[in-house]
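In: My questions concern the predicted model and sequence given below.
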Number of protein chains: 2
Amino acid sequence: MAAELIKGLPIAKAIREEIIEEVNGLKAKGVQPKLAVLLVGDDPGSVWYAKSKVGVGEKLGIVVDLHTMAPDTSEETILEQIQGWNMDSSVHGILVELPLPKGISKEKVMESIDPKKDVDGVHPVNRGYLLGGQEHLALVPATPLSCIALAERAGIDFKGKRVTLVGRGDTVGRPLASLLIKRDATITVCHTKTKDLPAECQRGEIVVAAAGFAGLVKKDMISPGTVVIDAGVNEIKDEATGESKYVGDCEPDVADVAAALSPVPGGVGSLTTTIIMGNVLKALKLQGADK
Amino acid sequence: MAAELIKGLPIAKAIREEIIEEVNGLKAKGVQPKLAVLLVGDDPGSVWYAKSKVGVGEKLGIVVDLHTMAPDTSEETILEQIQGWNMDSSVHGILVELPLPKGISKEKVMESIDPKKDVDGVHPVNRGYLLGGQEHLALVPATPLSCIALAERAGIDFKGKRVTLVGRGDTVGRPLASLLIKRDATITVCHTKTKDLPAECQRGEIVVAAAGFAGLVKKDMISPGTVVIDAGVNEIKDEATGESKYVGDCEPDVADVAAALSPVPGGVGSLTTTIIMGNVLKALKLQGADK
């Protein structure tokens, strides 16, 4: 039996159509949604992600103001730029590409963003709303929110389900735990210190892999009929060609036993930029800028 | 076999001695730790808790400034009082007794407290530090922190253990989940929508009951040898006498099978006021007032 593949692209497309409709409504009222993206340095991954936001923004009618700074920019200059965007009511979302160059305090930069404009969900206030169950007030990081959107739009209901969550990072695992609890899942959170990861995965009706470790979840760890969401993105070198490629946290043959599987690439990762644009609209509303 | 009882009082006493030592060190430097407590209205439980803080503070050398307001006090007056304490560098901790009278926005009041003085851990920023794994920056709510302190000082190690956490409230369950993940436990978070609560409890090496539901955890749900931490406090009427009494989330005969059990009363609850005083000292240090 081969798993049904939960593909991200058609779901991203559906969400984009909803966003376009909402943007058109805002523009009719004279409101132009705008996201400011700060790219410090020239990390190739960050450059790629920043440019893809500009491209997606254009398609959706959201202005993405990409601001680049040299890798040796001072923390003070970065904080001043963010402060400017915080004060600028025409900017509804602020996102700083990570990683930042060495010597810059990630913590300080993240905390300098107005929580209501923090479309990457990195400010403690937004994490706090998540932990407090006040999701309606929170801007939620894109990857965990993409996992939920992908699963829910594929018709997966978390309510009452045993969900094994593999991974406890601050960007994906822990925020995702809060989102799953809110959706009435009975979650088990696994990590490197978990004694029997195969057993914990086998008892999951849904397994979400978010550890950032290529091939961690293997076929024999998954019970037949399980739904598997792979939220891992791991860069590996292809031994034959020497080229880089991206793989998930699950081995591909998990598809032989799972009832459904979101593949990598082509699953969760296909949604994240779209979800960030959705966060820009939520941010705009939290700011009361839609009136 | 009867469970070893994990009693709160001797542990509270040990923590108090450490606090007294630290307070003496601060006083020698001319620093007087001070907690401001706001009590609005005359809810009997709140009055009792507020007064017990004054009493414990006196014993530890921490000034507790108990400020009472009439039940019909306006939200504006409450916010002004908190703002005053936020600005007053002689006040290191601020705590507002809950519940607040009807018509007062709990959310607004909690968010008005300077996060660095929020010794009850109710501000989103403090919850956010917890979810982000930045516990060193966080002021953590007293009940979950008391559970951890009680267990750890009783020699219980969470690392790698299967911990079943019953309850997902914003005051105890969810903050406790973050604390347990940080301590390398493999947690399963259960709640009203969990399909098979007995099975989830039976597989726990440690069970923490924090649902706020009297007698929810029964003897047959606990495997022999399990450590049970009861963090529930439920007011019930004694059928014989008609008087109120406090019971936990576990039925008393859980003690017949558990290896160890923290009783109610006499367990977690014996620590909470002491833990709040510990938070006052942590707050003072986060403010840099210890220099």
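Out: Noted; the coordinates are in hand. Numbering: from 1, shown residues only, chains lettered A, B, ... in the order given.
In: contacting residues for the residue nearest to residue A:262 when sequence neighbours are not counted?
Out: Spatial nearest neighbour of residue A:262, chain neighbours left out: residue A:6 (4.2 Å); criterion: CB to CB, 6 or more residues apart in numbering or on different chains. For the C-beta atoms, the positions are set from N, CA and C on the backbone; glycine is no exception. Neighbouring residues of residue A:6 by CB atoms under 8 Å, 6 or more residues apart in numbering or on different chains: A:150, A:151, A:154, A:229, A:260, A:261, A:262, A:263, A:267.
In: Kindly report the residues of the stretch 51-200 of chain A close to chain B.
Out: For the stretch 51-200 of chain A, the residues in contact with chain B (CB under 8 Å from any CB of the partner chain) are A:107, A:123-134, A:159-160, A:162, A:168, A:170, A:174-175, A:177-178, A:181, A:184, A:186-191, A:193-195, A:200.
In: one more time with 6 Å
Out: For the stretch 51-200 of chain A, the residues found near chain B under the criterion CB under 6 Å from any CB of the partner chain are A:124-125, A:127-129, A:131-133, A:160, A:168, A:170, A:174, A:181, A:184, A:186-190, A:193-195.
In: Filter the residues you listed down to the buried ones.
Out: Buried residues within those, defined by neighbour count using 16 or more other CB atoms under 10 Å in any protein chain shown: A:124-125, A:127-129, A:131-133, A:160, A:168, A:174, A:181, A:184, A:186-190, A:194.
In: Tell me, how many residues neighbour the closest residue to residue A:218 other than its chain neighbours?
Out: Distances taken as CB to CB, 6+ apart put residue A:251 closest to residue A:218, at 5.1 Å, once the chain neighbours are dropped. By other CB atoms under 10 Å in any protein chain shown, the residues close to residue A:251 number 19.
In: shouldn't residue A:251 be in contact with residue A:216?
Out: No: Residue A:251 lies out of contact with residue A:216 (CB atoms under 6 Å); the separation is 8.5 Å.
In: can you give me the helices in the stretch 51-200 of chain A?
Out: A:75-87, A:106-112, A:124-131, A:142-153, A:173-182, A:197-202 (DSSP state H, counting those that start in this stretch).
In: got the buried residues for the last one?
Out: Of the residues in helix A:197-202, A:197, A:200, A:201 count as buried by neighbour count, 16+ other CB under 10 Å.
In: Need the per-residue pLDDT for the second one.
Out: Looking back up the chat, that one is residue A:200. Here the pLDDT value assigned to residue A:200 is 98.
In: same check, this time on the first one
Out: Among the per-residue scores, residue A:197 holds a pLDDT of 98.
In: That one - nearest residue in space that isn't next to it in sequence?
Out: Closest to residue A:197 by CB to CB, 6+ apart is residue A:190, at 5.6 Å.
In: how about the one you found, what does it touch?
Out: A:166, A:197, A:200, B:186 (CB atoms under 6 Å, 6 or more residues apart in numbering or on different chains).
In: Likewise for residue A:183?
Out: residue A:158.
In: And it, how close does it get to residue B:289?
Out: 42 Å (CB to CB, to the nearest Å).
In: same thing with residue A:193?
Out: 36 Å.
In: ok, residue A:60 touching residue A:276?
Out: No: if you go by CB under 6 Å, residue A:60 and residue A:276 don't touch, sitting 10.6 Å apart.
In: For the two, indicate the residue with more neighbours.
Out: Shown here are residue A:60 and residue A:276; by other CB under 10 Å, residue A:276 has more neighbours (27 against 22).
In: Leaving aside the residues adjacent along the chain, what's closest to that one?
Out: Nearest one to residue A:276, counting by CB to CB, 6+ apart, is residue A:142 at 5.0 Å.
In: neighbours around that neighbour, how many?
Out: 26.
In: List the residues that contact it.
Out: With CB under 6 Å, 6+ apart, residue A:142 has these contacts: A:272, A:275, A:276.
In: Okay, and the last one sits in which element?
Out: Residue A:276 belongs to helix A:272-286 when elements are defined using DSSP states H and E.
In: in the stretch 151-291 of chain A, which segments are predicted with low confidence?
Out: The model of the stretch 151-291 of chain A has no residue with pLDDT under 70.
In: pretty sure residue A:27 is in a helix, no?
Out: Yes: using DSSP: H, G, I helix; E, B strand; the rest coil, the assignment for residue A:27 is a helix.
In: That one: how many residues sit nearby?
Out: Residue A:27, neighbours per other CB under 10 Å, totals 12.
In: measure it to chain B for me?
Out: 32 Å (CB to the nearest CB, to the nearest Å).
In: what's the distance between that residue and residue A:142?
Out: 24 Å.
In: for residue A:150, same thing?
Out: Taking CB to CB, one finds residue A:150 at 12 Å from residue A:142.
In: Check residue A:238 too.
Out: Distance from residue A:238 to residue A:142, by CB to CB: 27 Å.
In: swap in residue A:74?
Out: 28 Å.
In: got the residue ranges for the strands in the stretch 1-150 of chain A?
Out: With strands called from DSSP state E, counting those that start in this stretch, the stretch 1-150 of chain A shows them at A:4-5, A:34-40, A:63-69, A:93-96.
In: Out of the ones you listed, which one sits most buried?
Out: strand A:93-96 (a mean of 27; mean count of other CB atoms under 10 Å in any protein chain shown).
In: And the pLDDT at residue A:1?
Out: 59.
In: Tell me the bridge partners for residue A:262.
Out: residue A:229 (DSSP bridges).
In: quick one, what contacts it?
Out: Counted by CB under 6 Å, 6+ apart, residue A:262 has contacts A:6, A:150, A:229, A:230, A:268.
In: for residue A:49, same thing?
Out: Residue A:49 neighbours (CB under 6 Å, 6+ apart): none.
In: can you do 7 Å?
Out: With contact set as CB atoms under 7 Å, 6 or more residues apart in numbering or on different chains, residue A:49 has these partners: residue A:97.
In: Of all the residues in stretch A:112-124, which ones are buried?
Out: Of the residues in stretch A:112-124, those buried (16+ other CB under 10 Å) are A:112-124.
In: So for that stretch, mean pLDDT?
Out: On average, stretch A:112-124 scores 98.
In: Start and end of that stretch, how far apart?
Out: Stretch A:112-124 has an end-to-end distance of 10 Å (CA to CA, to the nearest Å).
In: Can you report how many residues neighbour residue A:86?
Out: Residue A:86, neighbours per other CB under 10 Å, totals 17.
In: pretty sure it is in contact with residue A:114, am I right?
Out: Yes: proximity of residue A:86 to residue A:114 meets the contact threshold set by CB atoms under 7 Å, at 4.3 Å.
In: what about the closest residue to residue A:9 other than its chain neighbours, distance to chain B?
Out: Distances taken as CB to CB, 6+ apart place residue A:270 nearest to residue A:9, at 5.0 Å, with adjacent residues excluded. Applying CB to the nearest CB, the value for residue A:270 to chain B is 26 Å.
In: you'd agree residue A:270 is up against residue A:10?
Out: No: taking contacts as CB under 7 Å, residue A:270 lies outside contact range of residue A:10: 9.1 Å.
In: So which of the two has more stuff around it?
Out: Legend: neighbour count by other CB under 10 Å for residue A:270 and residue A:10, higher for residue A:270 (21 against 12).
In: In contact with that one, which residues?
Out: A:8, A:9, A:12.
In: same deal with residue A:29?
Out: So residue A:29 contacts nothing (CB under 7 Å, 6+ apart).
In: rerun at 8 Å
Out: residue A:290.
In: got a pLDDT number for it?
Out: pLDDT, residue A:29: 97.
In: And it, how far from residue A:271?
Out: Residue A:29 is 27 Å from residue A:271, by CB to CB.
In: and the nearest residue to residue A:231 once chain neighbours are set aside, how many neighbours does it have?
Out: What sits nearest to residue A:231 in space, not counting adjacent residues and going by CB to CB, 6+ apart, is residue A:210, at 4.1 Å. By the criterion of other CB under 10 Å, residue A:210 has 28 neighbours.
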